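A.B. asks: Sequence isn't available, so here's the structure alone:
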Ligand SMILES: [Mn+2]
């Protein structure tokens, strides 16, 4: 018995103002390409079960394109892969009001796909061989729901949930905390969603991580692989399956602007770009720390505009010495805080 564990797809995520030839937001198309690749790899693996641990969509009401494409991909997937699929809702697509249904309920119309949006539910799959205890985002609100125990009558017990396991690992807002002792029960596998980096949480518990860079702080994830978990329930052995050819996200080394004139900074900006072979088709950030406003005004904006035109996104993030000092005084200084305009709800 082997399973594929996907999480945090964030389909319908959009960023920047680049569009494809078909007029689709460049990043939305990128995220879909990653999803298709993950499904292709899954078909080749031929698992007994596919888990999607929440945040299928980036927002509770995604655009029609994202909804229609997702539905189409799932139908095609199920025609080519006999494995059942169990999906839970994450914080990004959960709705609070009872008079509004969750968009994921559409996916339950695909044969062999089970969706758990709100209350905890146990789904028995793989001809009675695997019981999946599914805890979507909303279910973690009530701690009474957490008196779950593996079922000794079933060969394999799997727990799937969407939330924060420890507070050092937060890259998204609005998640509930998962009690650590719930993960310590003798599950054959625990599939977690919410944290966007692949992480082993101890025993057989994992965050699969997101399939693309869709977090509030994409720069922290620039160098890490994105993909999903391939798990063998008999041997309790995991393999991380990275996705290939994702869009390059490059966080260039920060430049210290102290005692530097504008023309020196222009040259450093240029040199950093040359070192990565140009910015074409990439998402790039160049931070300049301790950059006085007077020097910032004298930078070569023709060069910066050219970089912004060539890249999918080129962010020149200048920090004045004063703003850094103020942040230290208030105890909120972080070495690389995310730029405010990149924060998404
Ligand atoms: Mn997420």
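C.D. replies: It's in. Quick caveat: nothing in here was measured; it's all calculated off a predicted structure. Numbering: from 1, shown residues only.

A.B. asks: Only C-alpha atoms from now on, for both contacts and neighbour counts.
C.D. replies: Noted.

A.B. asks: mean confidence for stretch 132-146?
C.D. replies: For stretch 132-146, the mean pLDDT works out to 81.

A.B. asks: Report the buried residues of it.
C.D. replies: For stretch 132-146, the neighbour count (16 or more other CA atoms under 10 Å) marks 132, 133, 134, 135, 136, 137, 138, 139, 140, 146 as buried.

A.B. asks: residue closest to the middle of this protein?
C.D. replies: Central residue of the chain (CA atoms, centre = their mean): residue 210, 3.1 Å from the mean position.

A.B. asks: Do you know the pLDDT at the residue nearest to residue 46 when sequence neighbours are not counted?
C.D. replies: Sequence neighbours aside, residue 81 is the residue nearest to residue 46 in space, at 6.7 Å (criterion: CA to CA, 6 or more residues apart in numbering). pLDDT, residue 81: 97.

A.B. asks: Neighbours of residue 81, how many?
C.D. replies: Neighbour count of residue 81, defined by other CA atoms under 10 Å: 20.

A.B. asks: before we move on, back to that, return the member of the buried residues of stretch 132-146 nearest to the ion.
C.D. replies: Distance ranking of the buried residues of stretch 132-146 against the ion, using CA to the ion, places residue 137 first at 10.9 Å.

A.B. asks: show me what contacts the closest one?
C.D. replies: Residues counted as contacts of residue 137 (CA atoms under 8 Å, 6 or more residues apart in numbering) are 54, 88-91, 94, 117-118, 161-163, 175-176.

A.B. asks: mind running it again at 10 Å?
C.D. replies: By CA atoms under 10 Å, 6 or more residues apart in numbering, the residues touching residue 137 are 53-55, 88-95, 116-120, 161-163, 174-177, 193-194.

A.B. asks: Next: residue 306.
C.D. replies: Contacts of residue 306 (CA under 10 Å, 6+ apart): 279, 314.

A.B. asks: For the helix or strand containing it, buried residues please.
C.D. replies: Assigned by DSSP states H and E, residue 306 belongs to helix 301-310. Residues of helix 301-310 classed as buried: 304, 307, 308 (neighbour count, 16+ other CA under 10 Å).

A.B. asks: Next one: the residue in the stretch 51-200 of the chain positioned nearest to the ion relative to residue 208, how far apart?
C.D. replies: Proximity of the stretch 51-200 of the chain to the ion (CA to the ion) peaks at residue 194, 4.5 Å away. Using CA to CA, to the nearest Å, we find residue 194 at a distance of 9 Å from residue 208.

A.B. asks: so what sits against both of these two?
C.D. replies: Common neighbours of residue 194 and residue 208 (CA under 10 Å, 6+ apart) are 7, 8, 53.

A.B. asks: Give the burial count for the second one, as a bare number.
C.D. replies: Translated: residue 8. Applying other CA under 10 Å, I find that residue 8 has 31 neighbouring residues.

A.B. asks: Please apply the same query to residue 37.
C.D. replies: For residue 37, using other CA under 10 Å, the count is 18.

A.B. asks: I'd guess it is in a strand, am I close?
C.D. replies: No - using DSSP: H, G, I helix; E, B strand; the rest coil, the assignment for residue 37 is helix, not a strand.

A.B. asks: For it, which non-adjacent residue is spatially closest?
C.D. replies: residue 243 (7.1 Å).

A.B. asks: Now do the contacts for the one you found.
C.D. replies: 34, 35, 37, 38, 41, 211, 212, 225, 226, 227, 228.
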